[in-house]
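Student: Model the structure of this input:
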Amino acid sequence: QVQLVESGGGLVQVGGSRRLSCAASGRTLGNSALGWFRQSPGEERSFVASINWIGMTTRYAESVKGRFTISRDNSKNTLYLQMNNLQAQDTAVYYCAARGTLYTEISVAPYDYETWGQGTQVTVAT
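Tutor: Numbering: from 1, shown residues only. So this is what the prediction gives:
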């Protein structure tokens, strides 16, 4: 069974950057689509970005398009989220997620993801 562990969260100033990582263990992620979601207090978990199994196709939420970049390194079994020009509304717990084996294409729906990390807090200070 795969386990996902996020890292890279923390406190950042408005306009700053942060890179989140999600390391997998237990099985290869190379044959699964991956995604990032986020959740703020009192809100539902929402889609941020998704990437297909070989990294050739990506999709972003409108709110982060042009500022965030999702990428993956299958040789390291790791997913990344580069976040630039961070704004106060980006403050949330960020979760990485993996679709099941052979579910290779992107999805914006949380219910399509089989495995979730524990989350990492990103706080953008004004």
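
Student: where do the strands sit along this protein?
Tutor: Secondary structure of the chain by DSSP state E: the strands cover 3-7, 10-13, 18-25, 34-39, 46-51, 58-60, 68-73, 78-83, 92-98, 115-116, 120-125.

Student: angle of the first one against strand 34-39?
Tutor: So the one you mean is strand 3-7. 60 degrees (axes from the mean of the first three to the mean of the last three C-alpha atoms, to 10 degrees).

Student: And for strand 3-7, what's in contact with it?
Tutor: 20-26, 94-98, 115-120 (C-beta atoms under 8 Å, 6 or more residues apart in numbering). All C-beta atoms are positioned from the backbone trio N, CA, C, and that covers glycine.

Student: Leu86 versus the most centrally placed residue in the chain, what's the distance?
Tutor: With distances taken as C-alpha atoms, centre = their mean, the residue of the chain nearest its centroid is Trp36 (2.3 Å). Distance of Trp36 to Leu86, computed by C-beta to C-beta, to the nearest Å: 14 Å.

Student: Among the strands of the chain, which comes closest to Ser107?
Tutor: strand 46-51 (6.1 Å; C-beta to C-beta).

Student: before we move on, back to that, now a PyMOL select for only the buried ones of the contacts of strand 3-7.
Tutor: One line in PyMOL is enough to select the buried ones among these; burial here means 16 or more other C-beta atoms under 10 Å:
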select buried, resi 20+21+22+23+24+94+95+96+97+98+115+116+117+119+120
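
Student: Next up, phi/psi of Gly15, please.
Tutor: With angles defined as degrees, to the nearest 10, Gly15 sits at phi 90, psi -10.
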